[in-house]
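Sequence and computational prediction follow.
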Amino acid sequence: MERSNWAEMEVVELVRGCWQESSQQAENRHKGGGGACFELWRRALEEGDEAAWEGVQAQYQRLVYDWLHREFREGEVGEEVIKDLAQESWLKFWRILSDKQRHPLRNKFKHVGAVLKYLQRCVATICLDWRRVKQRQRALQAELGKEVERVGTVSTAGGPEQLMLKEERHAHLRSWLGENVTDPAEVAVLQIVFEQGLAPRKVYETYPELFAEAGEVRRVKERLLKRIRRAFL
């Protein structure tokens, strides 16, 4: 079918045509700004066509999974994490491109290959963000774990039972924080003091609407630590 007729086709026909195009050689992705796949992307992003967006995801989800697996070492993450990161990648891609006042897709991308390259960049960014969050979480758990143990030391000399108790406390610490630390001031302290390792004054400067002075940040920190100690000691 002629390229000019793609715009007249139903989404289901475009999906079928895109599947056929993608089954051909990879270099066909870079042929101009036409074709069933490009039209499918155009309708999804320019017109907000939900059926077209579903068709795009169905067509390229496997490719997104492949990119994600390449970002991690074998066994580093499970399939559930891969699925979550895939969803976040699609959302990031959608939010960036669909919020540009529906500008014509061909003004930004010359062909489907360029669209996919941008989608791959979103995948890489999501993976980088995920790693940063995990690093902050490990640092937070280590810091709070030290505070918990400082007050009520769980000695490994007591035998396997004491060691198991210590490990269980660390395992449940992160879960407890997510469920019980919801006050905005405490959340700010967790993020900046514990996760980022910055001084209380930085919290005050970042969230002046939550704290009257830097001293209040310290008081919130101590209050939070007392709650943690009561829960885990």
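Yes, it's here. What you see is a predicted model; the values in this text were computed from it and never measured. Residues are numbered from 1 along each chain as shown.

Only C-alpha atoms from now on, for both contacts and neighbour counts.
Will do.

okay, now S23: neighbour count?
When neighbours are defined as other C-alpha atoms under 10 Å, S23 has 10 of them.

quick one: it and H69, what's the gap?
S23 is 22 Å from H69, where distance means C-alpha to C-alpha, to the nearest Å.

As a check, name the ranges of all strands in the protein.
Listed in chain order, the chain contains no strands at all (DSSP state E).

how about low-confidence regions in it?
For the chain, applying pLDDT under 70 flags the ranges 1-4, 8, 25-34, 99-102, 137, 139-171, 194-197, 232-233.

Could you report the distance from D66 to R138?
Distance from D66 to R138, counting by C-alpha to C-alpha: 27 Å.

same question, R229
To R138, R229 is 19 Å away according to C-alpha to C-alpha.

and the two? which has more neighbours close in?
R229 (18 against 14).

Now stretch 54-63: buried residues?
G55, V56, Q57, Q59, Q61 (16 or more other C-alpha atoms under 10 Å).

Could you do stretch 108-120 as well?
For stretch 108-120, a neighbour-count test (16+ other C-alpha under 10 Å) marks F109, K110, H111, V112, G113, V115, L116, L119, Q120 as buried.

From V193, how far off is the last one?
Translated: Q120. Shown here: Q120 relative to V193, a distance of 34 Å by C-alpha to C-alpha.

the helices in the protein, which residues?
Under the criterion DSSP state H, the chain contains helices at 11-22, 36-46, 50-71, 79-98, 112-151, 160-180, 184-189, 200-206, 214-232.

Not counting its own residues, what contacts the first one?
Right, helix 11-22. Contacts of helix 11-22 with the rest of the structure, by C-alpha atoms under 8 Å, 6 or more residues apart in numbering, involve 6, 28-29, 35-37, 39-40, 51-52, 55-56, 59.

again, but for the fourth one
Outside helix 79-98, the residues that touch it by C-alpha under 8 Å, 6+ apart are 45-46, 48, 61, 64-65, 68-69, 119, 122-123, 126-127.

For these, could you give me TSV that also reports distance to T206?
Shown next, in TSV, are those (distance: C-alpha to C-alpha, whole Å):
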residue	distance to T206
L45	36
E46	38
G48	37
Q61	39
V64	36
Y65	37
L68	34
H69	37
L119	33
C122	28
V123	30
I126	25
C127	27
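
By neighbour count, sort out the buried ones in these.
L45, E46, Q61, V64, Y65, L68, H69, L119, C122, V123, I126, C127.

Greatest separation within these: which pair is it?
For the buried ones among the contacts of helix 79-98, the maximum inter-member distance is 29.9 Å, found between E46 and H69 (C-alpha to C-alpha).

Give the buried residues for stretch 80-92.
For stretch 80-92, by 16+ other C-alpha under 10 Å, it's I82, L85, A86, Q87, E88, S89, W90, K92.

Which single one of these is nearest to R132?
L85 (13.7 Å).

S98 versus the closest one, what's the distance?
From L85 to S98 the distance is 20 Å (C-alpha to C-alpha).
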